[in-house]
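*Asks:* let me see the structure of the following:
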Amino acid sequence: MSVPPLDHSTAAGYSLAQAYWLAQAARAAYMTPDQAEQLARDWGFDRFRHFSSPHTKPFPIDDTQAYVAGSDRMVLVAFRGTEPEQIRDWLSDTNTPPVPGPAGKGFVHFGFHRAHHVVHPDIIGTIAEFADGGQTVWITGHSLGGALAMLAGARMHFEAPILTPDGVYTYGQPRTCDRLLATAYDAALKDRTFRFVNNNDIVPQVPPAPVFAHVDTLRHLDANGRLHDSMSAVAKLADKFKGATADPFAPASDGLRDHGIDRYIAHLEKNLT
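*Replies:* Next up is the predicted model:
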């Protein structure tokens, strides 16, 4: 069985095929603008806009990058991620307190807030422009990009509800906000948000709980790449141990291996086919 093509008419909510294609879209955010645009056009989008907004030092990354692609039925927003080492640099700045979240609902990690805020006005304007015919809106991102995708969905719903996304799919997303915002977000978007975590992926384990929290809904990929809607705490612990001991010569690197977007895509494709 082959992977079905991207369906631009997919309704709001969860679809494994949509999860696969939005992971591909998240991967494309790491490419050059020309490469990402060519892929988007191959997937049936006829409008494309890339964004890159620089940061001033000592911010740990040079810029925030994202793109928006549009067709007559669908608008896709994808945020670029970053390396786990850079995320650790962000989180080491303990002197920077969290900032108020969208519409004053809870708090957001300052680094994630800043990385999203510099592109938000341009992206929200482009979504409004591209979604001119009632198109569905989907947001995706891997790693840091997952945090930015979640924040984009939150700001769209709480600040511009006419643009509430139909789906938010993230891969290897770090904890982005406090429990107050996570609770408000889940009440509004739990049935439209799907947060994928691959076995021992190190990035979803930071920044630390309980100061920061994850949003729902979790989809877990086990050590064999099988997809689970839910796993018991005991089963999850056993699975983490299995993944960590799969390579006896490099057990500590399992969390980094599991974080790669290509591994997420491979596992989703395996489940899909």
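*Asks:* and after the least confident helix or strand in the chain by mean pLDDT, which helix or strand comes next?
*Replies:* The helix or strand of the chain with the poorest confidence is helix 233-244; it has a mean of 57 (mean pLDDT, DSSP states H and E). Toward the C-terminus, helix 233-244 is succeeded by helix 254-257 as the next helix or strand (DSSP states H and E).
*Asks:* for that following helix, C-alpha coordinates in CSV please.
*Replies:* The C-alpha coordinates for helix 254-257 follow below in CSV (Å, rounded to 0.1, in the frame of the first residue of the first chain):
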residue,chain,number,x,y,z
ASP,A,254,18.8,7.7,21.9
GLY,A,255,17.0,11.0,22.9
LEU,A,256,18.8,12.9,20.1
ARG,A,257,18.2,10.1,17.4
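*Asks:* what is the burial count for K190?
*Replies:* 12 (other CB atoms under 10 Å). Quick note: C-beta positions are derived from backbone N, CA and C, even for glycine.
*Asks:* that one and D216 touch, don't they?
*Replies:* Yes: using CB atoms under 8 Å, K190 makes contact with D216 at a distance of 4.9 Å.
*Asks:* helices of the chain, start to end?
*Replies:* Listed in chain order, the helices of the chain (DSSP state H) span 16-28, 33-42, 84-91, 110-117, 120-130, 144-159, 179-189, 233-244, 254-257, 261-272.
*Asks:* include distance to G70 when you put those helices into TSV, please.
*Replies:* TSV is the format used below for the helices of the chain (distance: least, CB to CB, whole Å):
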stretch	distance to G70
helix 16-28	13
helix 33-42	9
helix 84-91	30
helix 110-117	20
helix 120-130	3
helix 144-159	15
helix 179-189	21
helix 233-244	38
helix 254-257	35
helix 261-272	23
